[in-house]
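>>> Predicted coordinates and the sequence they were generated for:
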2 protein chains.
Amino acid sequence: MASSDASSSEPAQLRLDDFLPYRLSFTSNLVSDTVAGTYIALFDLRIPEWRLIAVVAEEEGGITQQGIGARTRMDKVTVSRAAIALVERGLMARMPHKGDKRSHHLVLTEAGRELYAAVAPKALELERRIFARFDPEELAAFTRMLRRIDAAILDGV
Amino acid sequence: MASSDASSSEPAQLRLDDFLPYRLSFTSNLVSDTVAGTYIALFDLRIPEWRLIAVVAEEEGGITQQGIGARTRMDKVTVSRAAIALVERGLMARMPHKGDKRSHHLVLTEAGRELYAAVAPKALELERRIFARFDPEELAAFTRMLRRIDAAILDGV
DNA sequence: GCATGATGGTAGCATTTGACACCATCTCCG
DNA sequence: CGGAGATGGTGTCAAATGCTACCATCATGC
């Protein structure tokens, strides 16, 4: 029962190295550091800012800060700060939100679109470089798994 | 060439939602938040402290702070702070490192071992709860993939 | 229309995290 | 031996992140 049988399917003993929350955080940090060190720094964007740019670029009709928060699960404060910074830099603009004066539609300015056009390919290229050694099948399965884990947690564990 | 052919194997267009560094960070944060909210808080441990406890518990002969940093890739400052906190709480002790007076072997005190014995099962149980809906095969593949990504990056991308 | 509570967004504060400089000790080499 | 540089660890400061309180506007009920 309390044997150290190595063939049992579940580890009865905690080993940090095999502890999934730890592994996940470990790898995520490794990847994030790699990403943060490259194109982000190059364009003087912090991660939240980069995410805003990407999300706003994808949403043709404009999107509110709350919408961004919902999509990315970033704190609304984080979103707010990133939005302010981007507007100040002239990369993003706030269009009046008809019907609600508290809110705005965020859209990229011309400069913002240019930046996005410059950064996006670099992001993709970096992604390809990091994951070059894996085949598409594996990566697809991996991504699917990530999404399922999200779902599991959001369902309420 | 620059067509928008949807059947190509690689996405030529960036979509944040499919961008792996983003997905990874997203899921990792979700899991971390879940973890941080439970047994960690219960025992008044922060994540780095919890990791130190686990690592030291696993290394029977004691381990130095630098060793911990190497294993977990935590910053040496983070390790230092966690170590100080744990020693102050009487959970960990520093044994002289024969041959190098700058360093110490970290070992758990009796209280530390007791805490570990109390926390570890809860950690495993939480892990099981989060990942209950997946079968062992999938999880093993997933973990393997995480390790291979680590290797890819540490190899120098 | 006008209190009352909810919501989008911001400001200020506390906490966490890492970068950098520093001290003590160790190692190496003349 | 005894400098010169490397390494283990800590103190200090700046940047990042999140919480709470708050302001403006909205929606609802009287």
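Ah, there it is.
>>> contacts, neighbours, all on C-alpha from now
Fine.
>>> Going along the chain, name the strands of chain A.
Under the criterion DSSP state E, chain A contains strands at A:92-96, A:104-108.
>>> for those, which one sits closest to DNA strand C?
strand A:104-108 (4.7 Å; Cα to the nearest atom of the strand).
>>> what's the closest one packed up against?
helix A:47-58, helix A:65-72, strand A:92-96 (3 or more Cα pairs under 8 Å, 6 or more residues apart in numbering or on different chains; DSSP states H and E).
>>> So for the second one, what gets flagged as buried?
By 16 or more other Cα atoms under 10 Å in any protein chain shown, the buried positions in helix A:65-72 come out as A:65-66, A:68-69, A:72.
>>> Residues of chain A that sit close to DNA strand D?
Within chain A, the positions lying close to DNA strand D (Cα under 7 Å from any atom of the strand) are A:46-48, A:74-75, A:77-78, A:99-102.
>>> is any part of stretch A:40-52 close to DNA strand C?
No. Counting by Cα under 7 Å from any atom of the strand, no contacts exist between stretch A:40-52 and DNA strand C, the nearest distance being 12.4 Å.
>>> Buried by neighbour count: which residues of that stretch qualify?
A:40, A:45, A:47-52.
>>> burial measure for residue A:83, as a count.
As a burial measure, residue A:83 scores 22 neighbours (other Cα atoms under 10 Å in any protein chain shown).
>>> Surely it and residue A:52 touch.
Yes. Between residue A:83 and residue A:52 there is a contact at 7.4 Å, judged by Cα atoms under 8 Å.
>>> Can you check the distance spanned by stretch A:52-67, start to finish?
11 Å (Cα to Cα, to the nearest Å).
>>> Return the distance of that stretch from the chain's centre.
14 Å (Cα atoms, centre = their mean, to the nearest Å).
>>> What average pLDDT does that stretch get?
Per-region confidence: stretch A:52-67 scores 92 on mean pLDDT.
>>> Could you see whether chain B lies near it?
Yes. Against chain B, stretch A:52-67 shows contacts by Cα under 8 Å from any Cα of the partner chain at A:54-55, A:58.
>>> which among those end up buried?
Buried among these (16+ other Cα under 10 Å): A:54-55.
>>> Which among the residues of chain A next to DNA strand D count as buried?
By 16+ other Cα under 10 Å, those give A:47-48, A:74 as buried.
>>> pull the longest helix from chain A.
Longest helix of chain A, by residue count under DSSP state H: helix A:110-130.
>>> related to what we said a few turns ago, any chance of the strands of chain A in CSV, plus mean neighbour count?
Shown next, in CSV, are the strands of chain A (neighbours: other Cα atoms under 10 Å in any protein chain shown):
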stretch, mean neighbour count
strand A:92-96, 18
strand A:104-108, 22
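>>> Mind putting these into TSV with mean pLDDT and distance to residue A:116?
Listed next are the strands of chain A as TSV, based on pLDDT from 0 to 100; distance: least, Cα to Cα, whole Å:
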stretch	mean pLDDT	distance to residue A:116
strand A:92-96	93	11
strand A:104-108	94	9
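>>> Using CSV, lay out these together with distance to DNA strand C.
As requested, those are exported to CSV (distance: least, Cα to the nearest atom of the strand, whole Å):
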stretch, distance to DNA strand C
strand A:92-96, 9
strand A:104-108, 5
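>>> Mind checking which of the residues of chain A next to DNA strand D are in helices?
Going by DSSP H, the helices hold A:47-48, A:77-78 from these.
>>> among those residues, which two are most distant?
Using Cα to Cα, these span at most 14.2 Å, a distance reached by A:47 and A:77.
>>> What is the burial count for residue A:142?
20.
>>> wait, doesn't residue A:82 sit right on residue A:51?
No. Here residue A:82 does not reach residue A:51: they are 9.1 Å apart, not a contact under Cα under 8 Å.
>>> So the one helix or strand in chain A whose mean pLDDT sits lowest, near chain B or not?
Least confident helix or strand of chain A, by mean pLDDT, DSSP states H and E, is helix A:41-42 with a mean of 78. No. For helix A:41-42, no contact with chain B is found by Cα under 8 Å from any Cα; the gap never falls below 15.7 Å.
>>> can you check stretch A:125-132 too?
Yes. Residues of stretch A:125-132 contacting chain B under Cα under 8 Å from any Cα: A:127, A:129-131.
>>> Quick one, which of the residues you listed are buried?
A:127, A:130-131.
>>> Give me every residue in chain A lying close to DNA strand C.
So chain A meets DNA strand C at A:64-67, A:76-77, A:79-81, A:83-84, A:102-105 (Cα under 7 Å from any atom of the strand).
>>> try it again with 6 Å
A:64-66, A:76-77, A:80, A:102-104 (Cα under 6 Å from any atom of the strand).
>>> Sort out which one of those residues lies nearest DNA strand D for me.
So of the residues of chain A next to DNA strand C, ranked by how close each gets to DNA strand D (Cα to the nearest atom of the strand), first place is residue A:102, at 4.4 Å.
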